[in-house]
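[1] Can you look at this prediction? I've put the sequence above it.
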Amino acid sequence: MAKRVDTTAIVLSGGPDYRRTKRAVGLYQAEQVDRIVFSGAGHGGDSAVRLAREALRLGVAESDVIVERAARSTYENLANSCELPAVREARRLVIVTDQHHSYRAYLTARAQCQQPEICSAAAPVPLTAKRRRSEAMKLFAYQLLGRAAWW
């Protein structure tokens, strides 16, 4: 009998220090998510392939790891990932990204994905004024372009 997938985490590539991967693996080990999708072509060592390799090393079952390799932006991370069967079948999505990026990622997921429940499990990272300004401008642009839900 196939395992029922209730909750899938989507990890957005970003930063080679694996903080997002470690956050998702922690959720998996606590049985709060059933599968983890790693998304992103990456740059500077943060590709979905590399992040997934780290999750496997940390003990996630290979059958519970899915890799989306093409995305180059938050919008593409979620648009591409939400087309995957592992995501479409899930009732809940957990978006794993950095704290300063989590609201835009959440609103983008609301616009791109069909799950009735979407939440964010942010990885802690220092929140600077520069990051706040950058994310505010990006969120507004995403909303104007129809890539993210409005508040």
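    Perfect, I can see it now. Numbers count the residues shown, from 1 in each chain.
[2] where in the protein is pLDDT low?
    Judged by pLDDT under 70, the chain has its weakly predicted residues at 1-5, 15-16, 44-45, 151.
[3] just the strands in it please.
    7-12, 35-39, 65-68, 92-96, 117-120 (DSSP state E).
[4] what's the angle from the first one to strand 92-96?
    This means strand 7-12. Relative orientation of strand 7-12 versus strand 92-96 (axes from the mean of the first three to the mean of the last three CA atoms, to 10 degrees): 30 degrees.
[5] Would you convert the strands of the chain into JSON lines that also reports distance to A109 and mean neighbour count?
    C-betas here are computed from N, CA, C, even on glycine. As requested, the strands of the chain are exported to JSON lines (distance: least, CB to CB, whole Å; neighbours: other CB atoms under 10 Å):
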{"stretch": "strand 7-12", "distance to A109": "7", "mean neighbour count": "27"}
{"stretch": "strand 35-39", "distance to A109": "11", "mean neighbour count": "27"}
{"stretch": "strand 65-68", "distance to A109": "14", "mean neighbour count": "21"}
{"stretch": "strand 92-96", "distance to A109": "5", "mean neighbour count": "24"}
{"stretch": "strand 117-120", "distance to A109": "5", "mean neighbour count": "16"}
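[6] just so I know, which of the ones you listed lies nearest T108?
    strand 92-96 (8.5 Å; CB to CB).
[7] Check which strands are paired with the closest one and give the direction for each one.
    strand 7-12 (parallel), strand 117-120 (parallel) (DSSP bridges).
[8] CA atoms of it as CSV?
    C-alpha atoms of strand 92-96 as CSV (Å, rounded to 0.1, in the frame of the first residue of the first chain):
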residue,chain,number,x,y,z
ARG,A,92,-0.6,20.8,3.2
LEU,A,93,2.5,22.7,2.0
VAL,A,94,5.2,24.0,4.3
ILE,A,95,7.4,26.6,2.6
VAL,A,96,11.0,26.5,4.0
